[in-house]
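Q: Using only what follows, build the 3D model:
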Amino acid sequence: MNAQSQSRLIELRRDLHRRPEIGWREFYTTDRIVEELEAIGPDELYVGSEVHREERIRPPTDDQLARARERARETGVDEDVLSKVEDGYTGALAVLRKGEGPTVLVRVDIDGLPQSESEDPDHVPAAEGFRSTYDDRMHACGHDAHAAIGVGVLEAVKESDFEGTLKVLFQPAEELGAGAASVVGSGHLDDVDSLIAVHVGLDVETGVVVPGIESFLAINGFEATFEGSPAHAGNSPQEGAHAIQALSTAVGNLHAIPRHGDGATRVNVGVVEGGTATNIVPESASLEGEVRGTTTELRNYVEDHALRVLRSAAELHDCEVDVSFRNGAPSSECDDSLVDAVSAAAAGHDATVTPDEGDALGGSEDATRLMRAVQRNGGDATYVGFGASNPTGHHTATFDVDEAVIPLAVDTLTDAIRSISAAE
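A: Residues are numbered from 1 along each chain as shown. Have a look, this model is predicted:
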């Protein structure tokens, strides 16, 4: 990659870092991506609802959308783009058609996290003036760099000798575990022969490439609402059914679910709400949590136990419980053909190629939905990690990436895509 292109992509990354947005509300982010894509000139460009099927997981509320639209207008988002994303269907899909050959899709994600970013002067974004403009959200997982990489790959492949069709998907709402599900079934994956999903960081040093990550944990989220009966806490507590007691019992027993001998399993309750006053036996309480497993089967093992725990806790305290599990993401399997193509391309740029280190990663990714969909249709898929010397772990206030990862990722992915075409 030449110095001018590299500088432009780094500035794009920093611009997106200044204005992070939560899933299904990436209005400014999509607008900036569309601006860059239109300058490159893909053969087709799909924006917002054109990328997704109608059904979504965890859509925003009307109030959240209204606030996001107002902020988008304040930041100068193009009205034509806003009209395509204002209902919360965000993201973009660019298509290059360069003759006969395979169809390759590169997937990058674009959303931020509801987390405050550090103001420490040792934190590079703070020191160099591109810290998040907002106090309640930041790019704490590298998705700003992902978007820049996606733009760079589209431009580089357009200028290359690649023969075939390239699609670059700028996917929203990964952190919600939601965006990929709405792309599956949209029709955009139906002709894909090879899918490459991308992530930077992963607590790996810059210059190290992991061409086939399979250690993502299968994940599913859940919500549970306990309904009891109110009563005066001092005068007649025996007449109530204590919803928070039921919830508390459930939280303790959820975290006591036996681990499985076949692989890692996880459960976590991250949000609890309930009660109205200290002198009222609470009639309602709710929680949100998640279950994970090394494989989809192990995730289902935890999910089955969690459902039993929640129902038992409600019964113990004479309450009712309504439990809702989301449509989570499965585990991943990478195809050797793509792992080999990425490995060879990375080695050609003096990168250190290393295999996945198994359970060391411990995270989850909804790109596995896209991978499974392509593989079910007879295509190949892989998930590629590019080390970025992140100074602290993902989802922390001081997370950042070494921007040298951007040109390395663009060059490696471009060469891998070219080799996929040549192999046909």
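
Q: Every contact and neighbour count from this point should use C-alpha atoms.
A: Will do.

Q: Identify the residue nearest the geometric centre of this protein.
A: In the chain, the residue lying closest to the centroid (Cα atoms, centre = their mean) is E174, at 2.2 Å.

Q: what sits against that one?
A: Counting by Cα atoms under 8 Å, 6 or more residues apart in numbering, E174 makes contact with G23, D109, I110, D111, A180, E365, D366, A367.

Q: among those residues, which are in helices?
A: Among the contacts of E174, the residues falling in helices (DSSP state H) are A180, A367.

Q: From L310, how far off is the residue nearest to the centre of the chain?
A: 27 Å (Cα to Cα, to the nearest Å).

Q: Same check on V401?
A: Separation of V401 from L310 (Cα to Cα): 40 Å.

Q: same question, G212
A: For G212, the distance to L310 - Cα to Cα - is 37 Å.

Q: from the chain's centre, how far out does stretch 379-399 sit?
A: In this view, stretch 379-399 has its centroid 11 Å away from the chain centroid, taken as Cα atoms, centre = their mean, to the nearest Å.

Q: Check which residues of it are buried.
A: For stretch 379-399, the neighbour count (16 or more other Cα atoms under 10 Å) marks 379-391, 393-399 as buried.

Q: gap between the two ends of that stretch?
A: End-to-end distance (Cα to Cα), stretch 379-399: 35 Å.

Q: per-residue confidence averaged over that stretch?
A: Per-residue pLDDT over stretch 379-399 has a mean of 97.

Q: now do stretch 196-206
A: The pLDDT scores in stretch 196-206 average 96.

Q: ok, and what's touching it?
A: Contacts of stretch 196-206 with the rest of the structure, by Cα under 8 Å, 6+ apart, involve 104-108, 141-143, 145-146, 338, 361, 367, 381-390, 392-394, 401-402, 404-405.

Q: same question, stretch 327-334
A: Identification of contacts with stretch 327-334 by Cα under 8 Å, 6+ apart yields 57, 177, 212-221, 294-296, 364-369, 371-372, 380-383.

Q: How far off centre is that stretch?
A: Centre-to-centre, stretch 327-334 and its host chain are 12 Å apart (Cα atoms, centre = their mean).

Q: Quick check: phi and psi on the residue of the chain positioned farthest from its centre?
A: Distance from the C-alpha centroid of the chain peaks at N235, with 49.8 Å (Cα atoms, centre = their mean). In this entry, N235 is assigned phi and psi values of phi -80, psi -40 (degrees, to the nearest 10).

Q: Could you do A381 as well?
A: Torsion angles at A381 (phi, psi; degrees, to the nearest 10) stand at phi -150, psi 150.

Q: the helices in the stretch 101-250 of the chain, which residues?
A: Assigned helices in the stretch 101-250 of the chain, in chain order: 124-127, 143-158, 179-183, 243-254 (criterion: DSSP state H, counting those that start in this stretch).

Q: what separates the residue nearest to D400 when sequence neighbours are not counted from P237, distance-wise?
A: Leaving aside its chain neighbours, D400 sits nearest to N390 (5.4 Å; criterion: Cα to Cα, 6 or more residues apart in numbering). With distances taken as Cα to Cα, N390 is found 53 Å from P237.

Q: V151 too?
A: Between V151 and P237 the distance is 62 Å, computed by Cα to Cα.

Q: Compare those two and say which is more crowded by neighbours.
A: With neighbours defined as other Cα atoms under 10 Å, V151 and P237 compare such that V151 has more, 23 against 15.

Q: Correct me if wrong: that one contacts R32.
A: No. V151 lies out of contact with R32 (Cα atoms under 8 Å); the separation is 10.6 Å.

Q: Which parts of the stretch 151-300 of the chain are strands?
A: With strands called from DSSP state E, counting those that start in this stretch, the stretch 151-300 of the chain shows them at 164-171, 194-200, 208-210, 218-227, 265-274, 284-293.

Q: so L338 sits in a strand?
A: No. Read with DSSP: H, G, I helix; E, B strand; the rest coil, L338 is helix and lies in no strand.

Q: what's across from the closest residue to it other than its chain neighbours in the sheet?
A: Excluding the flanking residues, the one nearest L338 by Cα to Cα, 6+ apart is T382, at 6.2 Å. For T382, the beta-bridge partners are I196 (DSSP bridges).

Q: and if you look at R292?
A: R292 has these beta-bridge partners by DSSP bridges: I219, R266.

Q: isn't it right up against R299?
A: Yes. At 4.9 Å, R292 counts as touching R299 under the criterion of Cα under 8 Å.

Q: got any ranges where the chain has weak pLDDT?
A: Along the chain, segments meeting pLDDT under 70 span 357-362.

Q: That one - how does it break down into domains?
A: As given by the TED database, the domain ranges for the chain are 3-216+332-422, 218-329.

Q: The shortest one spans what distance, first to last residue?
A: According to Cα to Cα, domain 218-329 extends 6 Å from its N-terminal end residue to its C-terminal end residue.

Q: Begin at 832 from now on, thanks
A: Renumbered: residue one is now 832, and that last one reads domain 1049-1160.

Q: Run through the residues that contact the closest residue to H977 other than its chain neighbours.
A: Distance criterion Cα to Cα, 6+ apart; nearest residue to H977, sequence neighbours excluded, is V939 at 5.5 Å. Residues counted as contacts of V939 (Cα under 8 Å, 6+ apart) are H974, H977, A978, I980, G981, V999, L1000, F1001, Q1002, A1028, V1029, H1030.

Q: Could you count how many residues lie near the second one?
A: Residues contacting H977 under the criterion other Cα under 10 Å number 25.

Q: Verify the stated contact: it with D940.
A: Yes. Using Cα under 8 Å, H977 is in contact with D940, at 6.4 Å.

Q: quick one, what contacts A1062?
A: P1068, Q1069, E1070, G1071, A1072, I1111, V1112, P1113.

Q: next one: D893
A: Taking Cα under 8 Å, 6+ apart as the test, D893 contacts no residue whatsoever.

Q: gap between it and V1098?
A: The value you get for D893 to V1098, if Cα to Cα is used, is 30 Å.

Q: now swap in E917 and tell me
A: Taken as Cα to Cα, the span from E917 to V1098 is 35 Å.

Q: same deal with D1021?
A: Per Cα to Cα, D1021 is found 34 Å from V1098.

Q: Between these two, tell me which one has more neighbours.
A: Between D1021 and V1098, V1098 has the larger neighbour count (other Cα under 10 Å), namely 22 against 15.

Q: Which residue comes closest to that one once chain neighbours are left out?
A: Once flanking residues are discounted, V1098 sits nearest to V1122: 4.4 Å by Cα to Cα, 6+ apart.

Q: Next, the contact list for that neighbour, please.
A: Residues in contact with V1122 (Cα under 8 Å, 6+ apart) are I1050, N1051, G1052, T1096, R1097, V1098, N1099, R1130, V1133, E1134.
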